[in-house]
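J.: pasting a predicted model and its sequence here:
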Amino acid sequence: ADPPAPAAGDAGAASPGLADSSAAAAFDALKSAATASFKAGDFARAAEQYSQAAAADPSDVAVRANLSIAALRAGQLHTALEAARRCVSMDPRFVKGWYRLGQAHQALGQLDQAAEAYEGGIKVSDGDAMRAEFERGLKALREMGLQGRGAREAERRAREEEEARAAAAAAAAK
């Protein structure tokens, strides 16, 4: 499993984007609950909680990265992509954001965009441990490219059908 990214700065510290201590405490509670949901494998709930945390503090880039991976694991591919895009636009040097962007594009079958994201991540990784992840992602993309267009199209249709089923289940649950 790919755990959520730690919050920027001290993992236990409130986000610097929140001046009010009660808002910071609520934000920290949302992050903690989302992380617990993620670790328990309840990715849809984690995505919902990370989304609430992102709304509570729109400046927290790590929460956006965590929202992206939780949404990806929940099959909410477009939510994952949008969170990753926002993460990268907020902080182009945040390496994990580039990785999440590549993962989201890859899951959507957007191989060229995934490659661009992984390459963007390599440029900002400064040789850290993430560089190997980006290189693995690029290798997987090359292998996927060998499958042919028909296989990628079938995978895309299957993902869309799964997203539709998940959306219908979520709507029925409310």
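T.: Happy to help now that I have it.

J.: you'd agree V61 is up against C87?
T.: Yes: V61 is in contact with C87 according to CB atoms under 8 Å; the separation is 5.5 Å. (Glycine included, C-beta is placed from N, CA and C.)

J.: comparing the two, which residue is more hemmed in?
T.: C87 (28 against 24; other CB atoms under 10 Å).

J.: I'd like to know how many residues surround R131.
T.: So R131, with other CB under 10 Å, has 15 neighbours.

J.: excluding chain neighbours, what is closest to it?
T.: S125 (4.4 Å; CB to CB, 6 or more residues apart in numbering).

J.: for the residue nearest the centre of the chain, identify the helix or strand it belongs to.
T.: Central residue of the chain (CA atoms, centre = their mean): S68, 1.9 Å from the mean position. Using DSSP states H and E, S68 falls within helix 61-73.

J.: can you name every helix or strand that that helix contacts?
T.: Secondary structure elements in contact with helix 61-73, counted by 3 or more CB pairs under 8 Å, 6 or more residues apart in numbering; DSSP states H and E, are helix 21-39, helix 43-56, helix 77-90, helix 95-107.

J.: which of those is buried the deepest?
T.: The highest mean neighbour count among these, using mean count of other CB atoms under 10 Å, belongs to helix 95-107: a mean of 26.

J.: just the mean pLDDT for that one, thanks.
T.: The average pLDDT for helix 95-107 rounds to 95.

J.: ok, stretch 45-59 next?
T.: 95.

J.: CA atoms only for that stretch, dumped as CSV, please.
T.: Provided in CSV are the C-alpha atoms of stretch 45-59 (Å, rounded to 0.1, in the frame of the first residue of the first chain):
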residue,chain,number,x,y,z
ARG,A,45,-14.5,7.6,3.1
ALA,A,46,-10.9,8.7,3.2
ALA,A,47,-11.4,10.6,-0.1
GLU,A,48,-14.5,12.3,1.4
GLN,A,49,-12.6,13.2,4.6
TYR,A,50,-9.6,14.5,2.7
SER,A,51,-11.9,16.5,0.5
GLN,A,52,-13.4,18.1,3.6
ALA,A,53,-9.9,18.8,5.0
ALA,A,54,-8.9,20.4,1.6
ALA,A,55,-11.9,22.6,1.8
ALA,A,56,-11.1,23.5,5.4
ASP,A,57,-7.5,24.5,4.4
PRO,A,58,-7.1,25.0,0.7
SER,A,59,-3.4,25.8,1.1
